[in-house]
Each structure stands twice: as C-alpha cells, then as structure tokens.
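A.B. asks: only geometry, no sequence info:
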C-alpha cells in the first residue's frame, strides 16, 4: 500500500486529535487490519488517571481497538459501495467484550489488530487484540460495529 492509499484510508476515520488513537495503518485487506499508535506523554487523560502514576484507561485502549475495527469496516464499505456513498457513512461500535492483561504507560507504542469474523449488511464482528512492540498481548476481545449513514 502506497502513502496515498494509506492517507485515503486513514481519512475514512472521523476521529481527530485528541481522540484519535491511530497514528499509522500498517496492513489492511478483507480479513484484517493492523494499526499503530504511540500514547504520548501529554495525552489529555494522564493527569487524572492516575496522578503521579499515569496509566492508559481501559476505555481508551478499547477505543484504540475500536478505531482499528472502524477503519476496517470503512474499508469493507469502500469495497461494497460507490465512493460517494462511503463518504456519508460512519462506523459505530455496537458491542464490546474486552479483557485487559497488562497496563499501557505514557510513551508506549501499541499495535491494534482487528480480524473480521463476520461481515454482512454493513455489520462487522471482529476479534481484536492490542500488543506492544515486543508482541506481548495487552488486551483482547470481540467488538462489533455497523456502518450507518450520516445523511
């Protein structure tokens, strides 16, 4: 995937800083997506979670995996719909089951993988996982979402 295609696909995600947790798209196809994100030391949530000993909140780790899955859903929509229609859709999270195994600290880089287990009628169910740079499993679970029209 060249830089232009990577940029086009990343533009399908509606989130922006400070609530975008995808820095780079590394792989994508019909079956899976792999994204990368580095949690910066100045993220808005660290001062309060927890003062003096910051760790990344579980809800933010879930959102990181959900954004990878949403990117995958938007990619799959782009294969099924005309480009003009895809621009009028957003992928929304509908179901979450996640287990956390290790904390994620400020400055840490994570890799979010989403593997499709079902895709039909604009609905995606995925097995997701979050790993660190040494491939240690940080969190995993099942997420579901759906593409909805913004119009």
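C.D. replies: Received, thanks. Quantities reported herein were computed from a predicted structural model and do not represent experimental measurements. Numbers count the residues shown, from 1 in each chain.

A.B. asks: residues of the worst-scoring helix or strand of the chain on mean pLDDT that come out buried?
C.D. replies: In the chain, no helix or strand scores lower on mean pLDDT, DSSP states H and E than helix 83-86, which sits at a mean of 78. The neighbour-count check on helix 83-86 (16 or more other CB atoms under 10 Å) flags residue 86 as buried. The C-beta positions use only the backbone N, C-alpha and C, and glycine is treated the same way.

A.B. asks: Which elements pack onto that helix?
C.D. replies: helix 58-80 (3 or more CB pairs under 8 Å, 6 or more residues apart in numbering; DSSP states H and E).

A.B. asks: about what we covered before: past the least confident helix or strand of the chain, which element shows up next along the chain?
C.D. replies: strand 89-100 (DSSP states H and E).

A.B. asks: average pLDDT for that following strand?
C.D. replies: The pLDDT scores in strand 89-100 average 92.

A.B. asks: partners of it in the sheet?
C.D. replies: Paired strands of strand 89-100, with direction, are strand 137-149 (antiparallel) (DSSP bridges).

A.B. asks: From the chain's centroid, how far away is the strand it pairs with?
C.D. replies: 8 Å (CA atoms, centre = their mean, to the nearest Å).

A.B. asks: coming back round to it: touching the least confident helix or strand of the chain from outside, list them.
C.D. replies: Helix 83-86 is contacted from outside by 12, 74, 77-78, using CB atoms under 8 Å, 6 or more residues apart in numbering.

A.B. asks: what about residue 66, distance to residue 73?
C.D. replies: Residue 66 sits at a distance of 10 Å from residue 73 (criterion: CB to CB, to the nearest Å).
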